[in-house]
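In: Have a look at this prediction, sequence included:
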Amino acid sequence: MGDQKTNGTLSLLFTKIKPYLAMVSLQFGYAGMYIITMISLKRGMSHWIFVVYRHVVATLVIAPFALVYERKIRPKLTLSVFLKIMALAFLEPVLDQNLYVLGMKYTSATYASATVNVLPALTFIMAIIFR
């Protein structure tokens, strides 16, 4: 009887702290990415090649989940949707990541991690401008 009560309490506690655990895990992931990036750049890897490798790994990790969980709920690919996807594909992986890694090459991981905190504010300002 006591074990059920303890399991229920632990389950409720885990449910409440799950978002905090996710944020802490995300910050550790960012820190690890900064370290890996800086080591790669200091050893002579091109920032162009690094960004390509980074996106290939991300695609290999995320694509199976997208194929399995979103197989039946995908919308039709119209020209409008395709053009929006292409615009976002250019802005995020190509432009953003290459400029970010290039800037990191000439500054430090500390500076790069500090500037990441500006992204939500810039996103908000762009959302207001573009409605």
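Out: Looks like it arrived, so ask away. Numbers count the residues shown, from 1 in each chain.
In: which secondary element of this structure has the worst mean pLDDT?
Out: Lowest on mean pLDDT, DSSP states H and E among the helices and strands of the chain sits helix 109-115, with a mean of 73.
In: so after the lengthiest helix in the chain, what's the next helix or strand?
Out: Longest helix in the chain, counting residues (DSSP state H): helix 2-42. Sequence order places helix 47-69 as the next helix or strand after helix 2-42, per DSSP states H and E.
In: Looks like Phe50 contacts Arg43 (just checking).
Out: No. Using C-beta atoms under 8 Å as the test, Phe50 is too far from Arg43 to be in contact (10.7 Å). (Glycine included, C-beta is placed from N, CA and C.)
In: For those two, indicate the residue with more neighbours.
Out: Phe50 (19 against 7; other C-beta atoms under 10 Å).
In: Contacts only, for the more buried one.
Out: Thr37, Ser40, Leu41, Val101 (C-beta atoms under 8 Å, 6 or more residues apart in numbering).
In: Check what pLDDT it gets.
Out: pLDDT for Phe50: 88.
In: Equivalent analysis for Lys18, please.
Out: 90.
In: how close does it sit to Ala31?
Out: Distance, Lys18 to Ala31, using C-beta to C-beta, to the nearest Å: 21 Å.
In: And Ile39, by the same measure?
Out: Taken as C-beta to C-beta, the span from Ile39 to Ala31 is 13 Å.
In: Equivalent analysis for Val68, please.
Out: From Val68 to Ala31 the distance is 30 Å (C-beta to C-beta).
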